[in-house]
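Peer 1: Here's my sequence, what's the structure:
(chains A and B)
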Protein chains: 2
Amino acid sequence: MTPDWIAVDWIAVDWGTTRLRTWAMRGTQAVEARASDRGKGALSPAGFEPALLDLVSDWLPASGRIRVIACGMVGARGGWTEAAYRAIPCPPLDPLQAIHAPAIDPRLDVRILPGLSQNDPPDVMRGEETQIAGFLAENPDFDGTLCLPGTHCKWVRLARGRVVGFRTFLTGELFSLLAGQSVLRLTIGTAKPDATAFARAGALALADPHAANAQLFTLRAAALLQGLTPEQAAGRLSGLLIGAELAAARDLWQGNSTVIIGTAGLAQLYEDLLLAAGAKACQKDGAALVLAGLVAASLALPENT
Amino acid sequence: MTPDWIAVDWIAVDWGTTRLRTWAMRGTQAVEARASDRGKGALSPAGFEPALLDLVSDWLPASGRIRVIACGMVGARGGWTEAAYRAIPCPPLDPLQAIHAPAIDPRLDVRILPGLSQNDPPDVMRGEETQIAGFLAENPDFDGTLCLPGTHCKWVRLARGRVVGFRTFLTGELFSLLAGQSVLRLTIGTAKPDATAFARAGALALADPHAANAQLFTLRAAALLQGLTPEQAAGRLSGLLIGAELAAARDLWQGNSTVIIGTAGLAQLYEDLLLAAGAKACQKDGAALVLAGLVAASLALPENT
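Peer 2: This next block holds a predicted model:
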């Protein structure tokens, strides 16, 4: 329970496909955090309000309304309500374009931040724009590239506080499907990637754009013929896929400052390969950035809108 | 039932991961064909003999033994019995190196044809070597490249009746996983590929080795933003993946006669892209080639070995 001497000013919400994360906010400070696994993927549109209330009902005021600022897949088609994408180039957030979500509980004033879209080549994001805003809040003069690895990795070009281009790769999802469900599952399964095998395969895929494609099956054959271990095969697969991604994103990182935003293990893999390829890259922990972006959105919203 | 006035000389067997196909042979002619879904993937080692007998018991002689010549995953580790790979360069078949499989029924004389292995880069095949032998039986002087599309596509360099190199791609499996299980399932599902979208994406992936990787997510975004249809998305995905494969196999087909062996629809996709890229390519129906290879093996086996 939230100590009852702390009033909650507003509620910050990061609502993705698989997770719902909430923070009780007092000004720019989080006084409590709660999460559940009731992500967008598990909910029908009518299920969002109950899922939120289950987590935050004791944060609500006895009377009056409280503002809830949410980002992520909650605003996708089939989410609580659809928040149309904002087209780049533009700043990552414009809280005045947040969409009101319908709520039965009269105390809830829910605003959903829109994602971003790019017309050519077509691309979209929902949630990452708020992480980007959190990064820019701390680094307002940054001019360069952000790399946000994950199931889908986003590469984002920033200039003068605006998103000027981005590109999404399915690398994390490809790794899971290939390691767990393709013929390579017989070789890899749930093995942890070996670091040396990762580095070698990554360098190979960066140097030869066809390597990732042509070498996938060699992992199975090398296990059958040459005793390649599951860990080595996992490392090679990860290196081939991330190396191919870096090769296809070279125009975004080469010659630009590149900041990798993500969880430590995965971000380290990207950083290692980028540094070996001569890039100017560093890591920043992504855990706090969504909240920083939601705070930036809150600060930009007039009190009575 | 086989007409009882037709004696069966020997039995030809193509035993893959998902299918068991058998032919009652008289000399070089098949007099009857039968199949079941008891492929290697559905069987333990002890299950192979009963699965075979279920299909062919009325083809067996009242007394004496009958020769059964089998190819495919039946000879893999975990199959009926393991038939060690033959290392290339070598002719696709050497029936004298077939492995006897243990059988309880004294009438069965089962020989399993080994697959082929390549050391560098590591690669293996089981079953395709018999199709290749069937092709060479009809085209003994062929010097060029065979392309055998499917779940896993094999590219094979032939010279002077020998396999001198080969390369396996996971293209068919990648398509199934991406269309059916990744985020692209929301856009593609089971839609049939559109031909125009296929041709454009294939040409793009052939020209730009990074296109397949960088453009996968654009299919989802174009469906959300621009009304790309499931059929167009399926065509683009197929074109991107097959185009990337052709780009990574260019050293095998460029300047070589290339024969595509497979089922009509899939082989046509490969042929269209190869011809558009200036290759000298044609199709040959693959359905009869396994049997032609098994016949070639039978002819090469002395009667009393």
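Peer 1: which parts of the stretch 1-150 of chain A sit against chain B?
Peer 2: A:77, A:85, A:117-119, A:121-124 (CB under 8 Å from any CB of the partner chain). The C-beta positions use only the backbone N, C-alpha and C, and glycine is treated the same way.
Peer 1: Now for those residues, which sits with the most neighbours around it?
Peer 2: residue A:123 (25 neighbours; other CB atoms under 10 Å in any protein chain shown).
Peer 1: from memory that one sits against residue B:219, does it?
Peer 2: No: in this structure residue A:123 lies outside contact range of residue B:219 using CB atoms under 8 Å: 10.7 Å.
Peer 1: A strand includes residue A:291, no?
Peer 2: No: under DSSP: H, G, I helix; E, B strand; the rest coil, residue A:291 sits outside any strand and is assigned helix.
Peer 1: residues contacting it?
Peer 2: By CB atoms under 8 Å, 6 or more residues apart in numbering or on different chains, the contact list for residue A:291 reads A:12, A:14, A:23, A:30, A:134.
Peer 1: Looking at the residues you listed, which is nearest chain B?
Peer 2: residue A:14 (19.1 Å; CB to the nearest CB).
Peer 1: Adding pLDDT as columns, could you present the residues of the stretch 1-150 of chain A next to chain B in a markdown table?
Peer 2: Compiled in a markdown table, these are given as follows (pLDDT from 0 to 100):
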| residue | pLDDT |
| --- | --- |
| A:77 | 93 |
| A:85 | 97 |
| A:117 | 98 |
| A:118 | 98 |
| A:119 | 97 |
| A:121 | 97 |
| A:122 | 98 |
| A:123 | 98 |
| A:124 | 98 |
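Peer 1: Take the residues you listed and keep only those in strands.
Peer 2: For the residues of the stretch 1-150 of chain A next to chain B, the ones inside strands are A:117-118, A:123-124, with DSSP state E as the criterion.
Peer 1: can stretch A:185-192 be found next to chain B?
Peer 2: No: counting by CB under 8 Å from any CB, chain B has no neighbours in stretch A:185-192; the shortest distance is 9.7 Å.
Peer 1: Can you point out the buried residues in that stretch?
Peer 2: Neighbour-count burial for stretch A:185-192 flags A:187-188, A:191 (criterion: 16 or more other CB atoms under 10 Å in any protein chain shown).
Peer 1: Would you quantify the distance from the most centrally placed residue in chain A to chain B?
Peer 2: For chain A, the residue nearest the mean C-alpha position is residue A:128 (5.0 Å; CA atoms, centre = their mean). According to CB to the nearest CB, to the nearest Å, residue A:128 and chain B sit 13 Å apart.
Peer 1: what's the domain layout of chain A?
Peer 2: A:10-126, A:168-285 (automatic domain parsing).
Peer 1: out of the ones you listed, deepest packed?
Peer 2: Most buried of these, by mean neighbour count (mean count of other CB atoms under 10 Å in any protein chain shown): domain A:168-285, with a mean of 20.
Peer 1: Tell me the span between the first and last residue of that domain.
Peer 2: 20 Å (CA to CA, to the nearest Å).
Peer 1: For it, what is the distance to the chain centroid?
Peer 2: 19 Å (CA atoms, centre = their mean, to the nearest Å).
Peer 1: ok, now stretch A:80-98?
Peer 2: For stretch A:80-98, the distance to the chain centre is 16 Å (CA atoms, centre = their mean).
Peer 1: and what of stretch A:63-75?
Peer 2: 19 Å.
Peer 1: For chain A, which segments count as helices?
Peer 2: A:48-56, A:128-138, A:171-181, A:195-207, A:211-226, A:230-248, A:250-253, A:264-276, A:289-300 (DSSP state H).
Peer 1: any chance you could map the strands in the stretch 1-150 of chain A?
Peer 2: A:10-15, A:20-26, A:29-36, A:66-72, A:86-87, A:99-101, A:108-112, A:116-118, A:123-125, A:144-148 (DSSP state E, counting those that start in this stretch).
Peer 1: Quick check: nearest residue in space to residue A:300, chain neighbours excluded?
Peer 2: residue A:95 (4.6 Å; CB to CB, 6 or more residues apart in numbering or on different chains).
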